[in-house]
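In: could you work out the structure for the sequence below:
(4 chains)
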There are 2 protein chains.
Amino acid sequence: MARQVTTTEGPRSKRGLILSAAIESFGDDGFELTKWASVADKVGIGQTALYHYFESKVHCLLTIMSTELERSIALFEEAVADQESPADELRAAVRAAYDVGPREVLQMHILQSHMDLLATPRQSEREEAERQHARELVRGVEERWTSLVERGMASGDFARRDPVQTSRMLLAMVVSVWRWYRHGGPTSLEDIRDFVSASALRVVA
Amino acid sequence: MARQVTTTEGPRSKRGLILSAAIESFGDDGFELTKWASVADKVGIGQTALYHYFESKVHCLLTIMSTELERSIALFEEAVADQESPADELRAAVRAAYDVGPREVLQMHILQSHMDLLATPRQSEREEAERQHARELVRGVEERWTSLVERGMASGDFARRDPVQTSRMLLAMVVSVWRWYRHGGPTSLEDIRDFVSASALRVVA
DNA sequence: TGCTTAACCGAACCGAACTCAGATTGGTAG
DNA sequence: CTACCAATCTGAGTTCGGTTCGGTTAAGCA
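Out: Residues are numbered from 1 along each chain as shown, chains lettered A, B, ... in the order given. Predicted coordinates for the structure are as follows:
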């Protein structure tokens, strides 16, 4: 019964507003705790209007996750390019990972908290497509970190070890922050970034 | 409207069976995807009988999380005790973290996937109590790792850095595994344990 | 001015967690 | 052996929130 869901953005589309509202609610209160209807309220439309833009609450969540993954990859690519050494690449990658505003903090938090949603297939076609897409992006992130590590090992800058496991450790350190970090909290992102950066370099040493 | 929920185990109590069934379902299929009623089916009781043992589906989840946290702490304590050096303590702690059977793998997976549930208060009193308890246990885990790190820094075995941030990095590496590891998968827990152990030592170097 | 279609809505639907008002059952005291 | 109490369990609802149905409104455009 494939519902009609607008995929191209019209001029008076509220898709962006819905996404922003959802990111705030999902990020602050949690996905399960936020009522889908409350997102509609925040935007100022009826609940059913949401289904003009997203097939379901989960579809909206998956969209948020994909968006954030795409942004992360883009920033990673940009940061890593034109670096002198693998060590510089690693530093740049970590720096890029924490080059975020309040909104991206929430998005990363949402992403990390619902990663396991990507593991099991979805009933609806559109949701499943979005899930596959997000999965590919996650894969892309992992591959980029792994190949960064491999470059470092090849050049002799990093110690030779299993590059997949190594990149997993690095990624674990980098993303773990989003589980507890809150914008405006006691620790600054700069401090975190520097600490993670230094730790990461020691892991590949 | 506090419902009567048995807290002491009677001889014909099915609490343990329910927990086992729930761990399997929550772990394999995910908490949100498993129908609470299906857990009742698995045990062979009516859906409503569940409420004799747990106030809600979430209460059951929180109980599983607390149980696993208690087990982890106990094993940590046992492992760390009587070690020669802080480095040995660290090795022992990592070893203990991966000293698990199939059931504990699922429990750790469930625990890690729903950590953020501990962040926001619950409506029901009993759920809230269980949540606070789990929160305290998490705090306990963090404190133990931090104090391990502090001991190492004090003795000069570990480099002097922020012990809280350091322990966060270590913990991130150790627990990140439970997000992707599945019992019977391609990588053995021994390999993982050794790799994490070595990486952890480099982080504190 | 009519036509198309993105955008929207009220009312109804439905599934799954949960409540209610009792019924069994097994151990135990008399 | 019987009466009784507490633990254990149940079928029949209720609730709540995401979702569907069957349309209406309004912006852009020939």
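
In: mind pulling up the pLDDT for whichever residue of chain A sits closest to DNA strand C?
Out: Nearest residue of chain A to DNA strand C (CB to the nearest atom of the strand) works out as residue A:10 at 2.7 Å. Just so you know, the C-beta spots here come from the backbone N, C-alpha and C atoms, and that holds for glycine as well. If you check residue A:10, the pLDDT there is 78.

In: count of neighbours near it?
Out: The number of residues packed near residue A:10 is 8, by other CB atoms under 10 Å in any protein chain shown.

In: the nearest residue to residue A:87 once chain neighbours are set aside and chain B, how far apart?
Out: Residue nearest to residue A:87 in three dimensions, not counting chain neighbours: residue A:157, with 5.6 Å by CB to CB, 6 or more residues apart in numbering or on different chains. According to CB to the nearest CB, to the nearest Å, residue A:157 stands 15 Å off from chain B.

In: wait, residue A:157 sits on residue A:86?
Out: Yes: counting by CB atoms under 8 Å, residue A:157 does reach residue A:86; the two are 4.4 Å apart.

In: before we move on, back to that, need the contact list for the residue nearest to residue A:87.
Out: A:85, A:86, A:87, A:204 (CB atoms under 8 Å, 6 or more residues apart in numbering or on different chains).

In: do residue A:141 as well
Out: A:69, A:72, A:73, A:76, A:171.

In: so which bits of chain A are right by DNA strand C?
Out: A:4, A:6, A:9-14, A:40, A:45-49, A:51-53 (CB under 7 Å from any atom of the strand).

In: so which strand or helix has the closest residue to residue A:115 other than its chain neighbours?
Out: Nearest residue to residue A:115, sequence neighbours excluded (CB to CB, 6+ apart): residue B:179, at 6.6 Å. Using DSSP states H and E, residue B:179 sits within helix B:163-180.

In: show me the helices in chain A, by range?
Out: A:15-29, A:36-43, A:57-80, A:86-97, A:102-113, A:125-155, A:163-180, A:189-204 (DSSP state H).

In: redo those helices as TSV? Include distance to residue B:91 and mean pLDDT.
Out: Formatted as TSV, the helices of chain A follow (distance: least, CB to CB, whole Å; pLDDT from 0 to 100):
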stretch	distance to residue B:91	mean pLDDT
helix A:15-29	38	98
helix A:36-43	48	98
helix A:57-80	33	98
helix A:86-97	26	98
helix A:102-113	28	98
helix A:125-155	24	98
helix A:163-180	16	98
helix A:189-204	16	98
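
In: dump those into TSV; add distance to residue B:29 as well.
Out: Converted to TSV, the helices of chain A look like this (distance: least, CB to CB, whole Å):
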stretch	distance to residue B:29
helix A:15-29	22
helix A:36-43	23
helix A:57-80	15
helix A:86-97	32
helix A:102-113	18
helix A:125-155	16
helix A:163-180	23
helix A:189-204	34
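
In: and residue B:98, which of those is closest to it?
Out: helix A:163-180 (13.7 Å; CB to CB).

In: how much does the closest one deviate in direction from helix A:57-80?
Out: In terms of direction (axes from the mean of the first three to the mean of the last three CA atoms, to 10 degrees), helix A:163-180 departs from helix A:57-80 by 120 degrees.
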